[in-house]
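# pasting the sequence and the predicted coordinates here, then a few questions.
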Amino acid sequence: MPYWTVDSHWTGNVVVLWCVVGCSKTHPAVKVLLCALFSSTLLMCLLVMPFMAHVGISKIHCNTHIPRALISAMILIYIILMKMEILYITIMAFVRNYHVTLAVWSSTKRQVKMFTAVALTVGIAIYSTAMATLLLGSVWWGMIDNRLGIVLVNVYNYIHFLAPVVLTIACYFSMMFVIKRNKRRLTSTLPNASRGQFMDQATRAMLAVFISNLVFVLPHSIYHVLPLDSDTFTYIIVHTVLYTHLFVDPLVFLFFNLHHRQRFLHALKSYQRWVSFRPPPSSPHTASTLPLHFTSSTSTSTSTDGKIVAKT
């Protein structure tokens, strides 16, 4: 993977974090969860992506002289951040389902408390770090044999990828069912009721992020779970598809959220206007364009070296 793609990956996540933090319509607790989600992808771009790009190029040039300790550390960081991202997406789906269900079936409006959001964020980070460290540490340090280690790794992948995916899909289907049933109920009771959006912007944006994440991450999980061919070409293709979601997820989040999209476009237009009307930088060798004003008692003469000298 070319090194320039690393910049394009982390830039999108920074823009999303800027939009989320500055959004006045987003609840502070939801901001914490969204910032945790896109911060994990940002750390992936800053820490793992440059190393993986170096590994991919090294494999192409048949240069595998990479310190084993560095490889182990990057694999551990990569697994932790990947599992954190998947779990944060699941938590966001559960929170959106909770809000939609209460809004439809209950007259009281409840929001996730800040303490709950912070506890979920920190708890997922600690859980992902502890589970990945215990599993990989047991395999690397020889506490369990290779066959048992492979079985445990596969079980770990099934639990930490398939279970969150199934739960997330269930949450979004539940939201769609509740919203559709509520619309039918309103239509039957109020025939002239206006038809609004089937899904609000925040839910639609997170659903788009989940679908993008699922499309690009699923081949990588299959690659590591099933006994497939692990040649260099397959490795590069599968991981290139995997890392594409780090670039696509922020784009679909901005595109499907009207408020964030308008805020980003407004900032982009403001920057373009600032660049267009900004005066060019002055150079020490550039002649001044200011007019020369001489008083009536001032005259000029030319010296022997060609310079103009003012005389009063």
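Alright, I've got the coordinates. This one's a predicted model, so the numbers in the text were calculated from it and none came from an experiment.
# before we move on, what SS does residue 111 have?
Recorded secondary structure, residue 111: coil (DSSP: H, G, I helix; E, B strand; the rest coil).
# from residue 88, how far out is the closest residue to it other than its chain neighbours?
Once flanking residues are discounted, residue 111 sits nearest to residue 27: 5.3 Å by CB to CB, 6 or more residues apart in numbering. Bear in mind the C-beta positions are built from the backbone N, C-alpha and C, glycine included. Taking CB to CB, to the nearest Å as the measure, residue 27 falls 16 Å from residue 88.
# who has more neighbours out of these two?
residue 88 (25 against 17; other CB atoms under 10 Å).
# that one: which element?
Taking DSSP states H and E as the definition, residue 88 sits inside helix 68-105.
# tell me what that helix is packed against?
Counting contacts by 3 or more CB pairs under 8 Å, 6 or more residues apart in numbering; DSSP states H and E, helix 68-105 packs against helix 28-43, helix 49-60, helix 114-140, helix 163-189, helix 201-225.
# name the residues of the fourth one that are buried.
By that I understand helix 163-189. Within helix 163-189, the residues scored as buried using 16 or more other CB atoms under 10 Å are 164-165, 168, 171-172, 174-176, 178-179.
# ok, the third one next?
Of the residues in helix 114-140, those scored as buried under the neighbour-count criterion (16+ other CB under 10 Å) are 117, 120-121, 124-125, 128-129, 131-132, 135-136, 139.
# that one vs helix 28-43, what angle?
With axes from the mean of the first three to the mean of the last three CA atoms, to 10 degrees as the basis, helix 114-140 and helix 28-43 are set at 30 degrees to each other.
# flag every buried residue along whatever helix or strand comes next after helix 114-140.
Note on helix 114-140: by DSSP H and E, the next helix or strand toward the C-terminus is helix 146-157. By 16+ other CB under 10 Å, the buried positions in helix 146-157 come out as 149, 152-153, 156-157.
# likewise stretch 218-234?
220-221, 223, 225.
# can you lay out those as TSV showing pLDDT and distance to residue 240?
Compiled in TSV, the buried residues of stretch 218-234 are given as follows (pLDDT from 0 to 100; distance: CB to CB, whole Å):
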residue	pLDDT	distance to residue 240
220	77	10
221	73	15
223	76	12
225	70	19
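# now residue 157, nearest residue through space, not along the chain?
Leaving aside its chain neighbours, residue 157 sits nearest to residue 225 (5.2 Å; criterion: CB to CB, 6+ apart).
# which residues sit in contact with that neighbour?
154, 157-158 (CB atoms under 8 Å, 6 or more residues apart in numbering).
# now, which of the residues you listed sits nearest residue 48?
For the contacts of residue 225, the residue nearest residue 48 by CB to CB is residue 157; the value is 17.6 Å.
# was I right about the closest one contacting residue 221?
Yes - Residue 157 is in contact with residue 221 according to CB atoms under 8 Å; the separation is 6.0 Å.
# ok, back up a step: now distance to residue 66 too, for the helices and strands packed on helix 68-105, in JSON lines please.
Shown next, in JSON lines, are the helices and strands packed on helix 68-105 (distance: least, CB to CB, whole Å):
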{"stretch": "helix 28-43", "distance to residue 66": "21"}
{"stretch": "helix 49-60", "distance to residue 66": "7"}
{"stretch": "helix 114-140", "distance to residue 66": "16"}
{"stretch": "helix 163-189", "distance to residue 66": "31"}
{"stretch": "helix 201-225", "distance to residue 66": "19"}
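# these: which one's closest to residue 11?
Among the helices and strands packed on helix 68-105, the nearest to residue 11 by CB to CB is helix 28-43 (9.8 Å).
# how about that closest one: buried residues?
Using 16+ other CB under 10 Å as the test for burial, helix 28-43 gives 29-43.
# could you do stretch 52-60 as well?
Within stretch 52-60, the residues that qualify as buried are 52-56, 59, counting by 16+ other CB under 10 Å.
# shaky segments in the protein?
Under the criterion pLDDT under 70, the flagged ranges of the chain are 1-9, 63-64, 103-110, 186-200, 227-230, 232, 278-312.
# can you do 50?
Along the chain, the model assigns pLDDT under 50 to residues 1-4, 193-194, 196, 285-312.
# surely residue 238 meets residue 220?
Yes - contact criterion CB under 8 Å: residue 238 and residue 220 qualify, at 5.5 Å.
# list the buried residues for stretch 231-251?
Neighbour count says stretch 231-251 has 236, 238-239, 241-250 buried, by 16+ other CB under 10 Å.
# wait, which of these is closest to residue 100?
Relative to residue 100, the closest of those is residue 249; by CB to CB it sits at 22.0 Å.
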